[in-house]
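Peer 1: pasted the sequence and its predicted model underneath.
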Amino acid sequence: MTKLSEPELREAIHELPGWVDQDGKLTKTFTHSSFPEAIVFVNAVAHIAELANHHPDIDVRYSNITLSLVTHDEGGITPRDVALARQVEAIRRKAGVPA
């Protein structure tokens, strides 16, 4: 799998509200109303990441969770990272949480 081109990356970010290219990683911070709610979200992300065999960097700061996606083997953001970001957004929508 190869890195996304700049136009492909801009298009992907446009389709993923709140996601940004930060230091070569697809990144977004999610805010929750409580620490337990944030950990439920982390567990859901861990589950889909394990199924995809593609694991994000996860930073837990009380109720704020920052996910950073990058395909290290390719040295940047690939379609695999975008696919996982889309899955994360899908689980948020299913839970009725705004983007």
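Peer 2: Thanks, I have the structure now.
Peer 1: surely residue 84 is in contact with residue 57?
Peer 2: No - in this structure, residue 84 is not within contact of residue 57 by CB atoms under 8 Å, at 11.8 Å. No exception for glycine: its C-beta is placed from N, CA and C like everyone else's.
Peer 1: more neighbours, those two?
Peer 2: Taking other CB atoms under 10 Å, residue 84 and residue 57 do not tie; residue 84 has more neighbours (22 against 11).
Peer 1: quick one: the residue sitting nearest the centre point of the chain and residue 28, what's the gap?
Peer 2: Closest residue to the average C-alpha location of the chain: residue 85 at 4.0 Å, with CA atoms, centre = their mean. Noted for residue 85: a distance of 7 Å to residue 28, by CB to CB, to the nearest Å.
Peer 1: with residue 65 instead?
Peer 2: Residue 65 is 9 Å from residue 28, by CB to CB.
Peer 1: ok, now which ones touch the nearest residue to residue 31 once chain neighbours are set aside?
Peer 2: Spatially, and ignoring its direct neighbours in sequence, residue 31 is nearest to residue 64 (5.3 Å; CB to CB, 6 or more residues apart in numbering). Under the criterion of CB atoms under 8 Å, 6 or more residues apart in numbering, the contact list for residue 64 reads 29, 30, 31, 32, 38.
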